[in-house]
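Novice: Let me see the structure of the following:
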Amino acid sequence: MKKLLFLFLCLQIAAFSDSLTLVNDSNLTLSAEILDANGVLLEQVVLDAQDTSTWSLDYEYFGYNANPSNPPVPYSVNWYCLSGSLFGTCYAVPSDSSVNALSAEGPQQCEED
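Specialist: Sure, this is the predicted structure:
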């Protein structure tokens, strides 16, 4: 019974959370910035080449129900080279989706150090 209750609670949390799966499908280490629809920075993550990370708004961050404090969607993801130059940007990213670095609009290259 306890396992069933725990599973039910986990599903409730997942049902009310936004998430993005960040996929660095390039051969470079990149930094990804997640911004809300107003351009407010929500998170910054560094991903090695061919690495994946999941970002989410969950119960611990905002609570169970959407409210005015939740960031507006769609999101944007800016991918940066470690030098700070722009690799590319993914626009109009819906919640609960995957975002690939090589699908970003932009130069998709980094200067060698």
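
Novice: beta partners of residue 89?
Specialist: residue 78, residue 105 (DSSP bridges).

Novice: Assess the claim that it and residue 76 are in contact.
Specialist: Yes - Residue 89 lies in contact with residue 76 (CB atoms under 8 Å); the separation is 6.3 Å. (Each C-beta comes from the backbone N, C-alpha and C, glycine too.)

Novice: Which residues are in contact with residue 48?
Specialist: For residue 48, the contact set (CB atoms under 8 Å, 6 or more residues apart in numbering) comprises 24, 29.

Novice: how close does it get to residue 90?
Specialist: 19 Å (CB to CB, to the nearest Å).

Novice: just residue 53 next, same as before
Specialist: Here the criterion is CB to CB. By it, residue 53 lies 14 Å from residue 90.

Novice: Neighbour count: these two, which is higher?
Specialist: For the pair residue 53 and residue 90, the greater number of neighbours falls to residue 90 (23 against 15), based on other CB atoms under 10 Å.
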